[in-house]
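K.L.:
What follows is a predicted structure for the sequence shown.
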Amino acid sequence: MARRPAVLITGANGEVGHGLIEALAARGDCDVVAVDLHPLAKSLRPLVVNWQAGDILDEQLMQRLVTEYEVTTLFHLAALLSTRAEYSPDIAHEVNVTGTLHLLKLAHQQSSWSGRRTKFIFPSSIAAYGIQSLEEKAALPPLKEWEQLAPTTMYGCNKVYCEHLGRYYAQHYQQLAARPSGVGVDFRSVRFPGLISAETIPSGGTSDFGPEMLHAAAKGEPYACFVRPDTTIPFMTMSDAVRALLMLHRAPEERLKQRVYNITSFSISADEFRLEVLKAFPGAEICFDPHAQRQAIVDTWPRTVDDEPARRDWGWQPEHPVEVAFAEYLVPRIAARYG
Ligand code: AKB
């Protein structure tokens, strides 16, 4: 009995998973198998051929899936984000690193079975960066992929290491073996900025202050922002983030000059974010009440990143610069969502 080709998504119930499953279903050219610790949202179930509530570290679960499905692409979205990971660094390491290693092995196994390089799409993050001081942050030009990689969070360390692991599996796996095993894994990664979704509210991240502010305003709730007004990092709409994953997925491998790409859309401060929110919800009650430790994390993340290689190699361009993001995408959807 032949196995059915399928795209496997881990962390499928998370923010990016929601958008990705909907986008893949709209395209309708592949079967999706979804795995998440929690049962898949009811609205997403009709869009996938199989969903499993389980742990990516559960070898039996994952091996059971690959007896039924030939995984052609793996979107590995499951992770503990930067704030949550600081409360449980050991668990974060287990999920973010050991989980990724297991899935790279699984992708390698799939490539060996099919004779085709399984694609492994991995969202990394601006948390991979670690800038040492606010003065340096203010002075730095948009960061390139290889600059300032000394993250201060467990999540950031995990992301940098997994980027390297992916490159290793793609290019150097068992390099000393007499006969290399299989065709290897086609690992590709984007470093996401803070993501803003109209449909879901983030949890466990440190860039969450932006989307939290917007959703609170739309719900008519007061919001105390946990970073200073001048705090500036890059952001992107969830729709652009999902487009980026799909563009990178489709790009011919020979066009890719690197395995990890920065992408960005717009950089604004927390206060500029507040002003955008006030344009749409003039009565919104937003104040600033910085949390010293979370502030310290965001202060190590860059104001801007250089995404020229992504533009050059696979045509990356955001659809939602800041005005469009708020006025045409986020606000109308969020307003409709909360009535
Ligand atoms: C987080 O805040 O941890 C994430 C990220 C920037 O990767 N949103």
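P.N.:
Good, I have the coordinates.

K.L.:
now Gly156, nearest residue through space, not along the chain?
P.N.:
Closest residue to Gly156 apart from its sequence neighbours, by C-beta to C-beta, 6 or more residues apart in numbering: Ala127 at 3.9 Å. Using the backbone N, CA and C atoms, a C-beta is placed for each residue, glycine as well.

K.L.:
State the number of residues packed around the one you found.
P.N.:
If you count neighbours by other C-beta atoms under 10 Å, Ala127 ends up with 29.

K.L.:
give the contact list for Glu276.
P.N.:
By C-beta atoms under 8 Å, 6 or more residues apart in numbering, Glu276 lies in contact with Ile268, Val322, Phe326.

K.L.:
The second one and the ligand: what is the separation?
P.N.:
Using C-beta to the nearest ligand atom, to the nearest Å, Val322 is found at 18 Å from the ligand.

K.L.:
got it, and the first one?
P.N.:
Using C-beta to the nearest ligand atom, one gets 15 Å for the distance from Ile268 to the ligand.

K.L.:
Report pLDDT for that residue.
P.N.:
On the pLDDT scale, Ile268 is placed at 98.

K.L.:
Please apply the same query to the last one.
P.N.:
According to the prediction, Phe326 has pLDDT 98.

K.L.:
That one - nearest residue in space that isn't next to it in sequence?
P.N.:
Glu276 (4.6 Å).

K.L.:
pLDDT wise, what is the one you found at?
P.N.:
Reported pLDDT for Glu276: 98.

K.L.:
Quickly run through the sheet partners of the host helix or strand of Ser124, with directions.
P.N.:
When elements are assigned from DSSP states H and E, Ser124 belongs to strand 118-125. Strand 118-125 pairs in its sheet with strand 69-76 (parallel), strand 185-192 (parallel), by DSSP bridges.

K.L.:
Out of those strands, which one sits most buried?
P.N.:
Comparing the strands paired with strand 118-125 by mean neighbour count (mean count of other C-beta atoms under 10 Å), strand 185-192 comes out on top with a mean of 24.

K.L.:
What's the first helix or strand after that one?
P.N.:
Counting by DSSP H and E, the next helix or strand C-terminal to strand 185-192 is strand 194-196.

K.L.:
List the buried residues for that next one?
P.N.:
Gly194, Leu195, Ile196 (16 or more other C-beta atoms under 10 Å).

K.L.:
near the ligand, which residues of the protein show up?
P.N.:
Leu81, Ser82, Ser125, Ile126, Ala127, Tyr155, Phe192, Gly194, Gly205, Thr206, Ser207 (C-beta under 6 Å from any ligand atom).

K.L.:
Now the residue nearest to Phe326: which helix or strand?
P.N.:
Per DSSP H and E: helix 270-280 holds Glu276.

K.L.:
what's the helix or strand just after that helix packed up against?
P.N.:
Toward the C-terminal end, the helix or strand that comes next after helix 270-280 (DSSP H and E) is strand 286-288. With contacts taken as 3 or more C-beta pairs under 8 Å, 6 or more residues apart in numbering; DSSP states H and E, strand 286-288 sits against helix 209-219, strand 223-225, helix 270-280.

K.L.:
Out of those, which one sits most buried?
P.N.:
helix 209-219 (a mean of 23).

K.L.:
so what does it touch, helix or strand wise?
P.N.:
strand 194-196, strand 223-225, helix 270-280, strand 286-288, helix 331-338.

K.L.:
7 Å instead, please
P.N.:
Using 3 or more C-beta pairs under 7 Å, 6 or more residues apart in numbering; DSSP states H and E, the elements in contact with helix 209-219 are strand 194-196, strand 223-225, helix 270-280, helix 331-338.

K.L.:
so how far is the helix or strand that the second one is followed by off the chain centroid?
P.N.:
Using DSSP H and E, the helix or strand that directly follows strand 223-225 along the chain is strand 232-237. Between the mean C-alpha point of strand 232-237 and the mean C-alpha point of its chain there is a distance of 13 Å (C-alpha atoms, centre = their mean, to the nearest Å).

K.L.:
Which elements pack onto strand 232-237?
P.N.:
When contacts are defined as 3+ C-beta pairs under 7 Å, 6+ apart, strand 232-237 packs onto strand 194-196, strand 266-269.

K.L.:
then the helix or strand hosting His93 to CSV, C-alphas only?
P.N.:
Taking DSSP H and E as the definition, His93 sits inside helix 89-93. Extracted C-alpha coordinates of helix 89-93, given in CSV (Å, rounded to 0.1, in the frame of the first residue of the first chain):
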residue,chain,number,x,y,z
PRO,A,89,14.3,26.9,30.2
ASP,A,90,14.8,23.1,30.5
ILE,A,91,11.5,22.3,29.0
ALA,A,92,12.1,25.0,26.3
HIS,A,93,15.4,23.3,25.4
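
K.L.:
buried ones in it?
P.N.:
So for helix 89-93, counting by 16+ other C-beta under 10 Å, buried means Pro89, Ala92, His93.
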